[in-house]
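Asks: sequence unknown, structure follows:
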Ligand SMILES: O=c1ccn([C@H]2C[C@H](O)[C@@H](COP(=O)(O)O)O2)c(=O)[nH]1
């Protein structure tokens with residue numbers, strides 16, 4: 001599957017969720033906050049900032065699932081504003097994870113407050129660098145996205 005096709009998969013999932021939950025209003029800000037929270041959950045699973053703990057990061061699959069939760073909301077926010085991205089931001093840049101999480105958070109906030117095409121692309125670039133530093137390839141991301149997308153349908157069907 002091509003990266004760009006994820007936008008359409010997300011559009012269909014969102015339509016299903018809105019129908020199931022009877023949503024008839026603009027939920028851009030709710031999805032914006034959801035993305036901030038997913039980023040924090042991702043950081044939490046990496047435990048990159050927990051200098052006070054000797055416990056290591058969660059399993060790779062757990063971290064990848066958190067990563068694609070963010071991808072869901074990022075795609076969704078783009079769809080809400082008619083913004084898209086042609087290809088996955090493959091950026092091989094070694095960064096300190098804690099620094100990068102803080103900077104990604106800032107980029108998300110900027111985008112939510114002024115949803116421009118440039119700021120949208122920038123958030124994707126931050127996620128591209130996060131993926132690189134977490135050792136996730138585009139195939140990893142697409143595979144985990146498809147799996148979580150299906151799980152999200154199932155959760156709606158079973159009354160999540
Ligand atoms: O409009 C929505 C609402 C939620 N989700 C998905 C994204 C995440 O994968 C998951 C987050 O749900 P929680 O586990 O945080 O409840 O739901 C969407 O794709 N679209």
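Replies: Perfect, I can see it now. From a predicted model like this one, the values you see are computed outputs, not experimental measurements. Numbers count the residues shown, from 1 in each chain.

Asks: can you pull the contacts of the nearest residue to residue 48 once chain neighbours are set aside?
Replies: With CB to CB, 6 or more residues apart in numbering as the criterion, residue 48 has its nearest non-adjacent residue at 3.9 Å, and that residue is residue 97. Using the backbone N, CA and C atoms, a C-beta is placed for each residue, glycine as well. By CB atoms under 8 Å, 6 or more residues apart in numbering, the contact set of residue 97 is 43, 46, 48-49, 130, 133-134.

Asks: between those, which is closest to residue 78?
Replies: residue 130 (17.2 Å; CB to CB).

Asks: ok, how many other residues are close to that closest one?
Replies: Residue 130: 23 surrounding residues under other CB atoms under 10 Å.

Asks: coming back round to it: can I have the buried ones of the contacts of residue 97 as a PyMOL selection?
Replies: Here is the PyMOL command that selects the buried residues among the contacts of residue 97 (16 or more other CB atoms under 10 Å):
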select buried, resi 43+46+48+130+133+134
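
Asks: what distance separates the longest helix seen in the chain from the centre of its chain?
Replies: The longest helix of the chain (DSSP state H) is helix 60-81. Between the centre of helix 60-81 and the centre of its chain there are 2 Å (CA atoms, centre = their mean, to the nearest Å).

Asks: what is the rounded mean pLDDT of that helix?
Replies: Averaged over helix 60-81, pLDDT sits at 98.

Asks: buried residues in it?
Replies: Buried residues in helix 60-81, defined by neighbour count with 16+ other CB under 10 Å: 63-80.

Asks: out of the residues you listed, who's near the ligand?
Replies: The subset of the buried residues of helix 60-81 within reach of the ligand, by CB under 6 Å from any ligand atom, is 69, 72-73, 76.

Asks: find the nearest non-adjacent residue to the residue in the chain positioned nearest to the ligand, please.
Replies: The nearest approach of the chain to the ligand comes at residue 72, 3.4 Å away (CB to the nearest ligand atom). Using CB to CB, 6+ apart and skipping residues adjacent in sequence, the residue nearest residue 72 is residue 10, 6.3 Å away.
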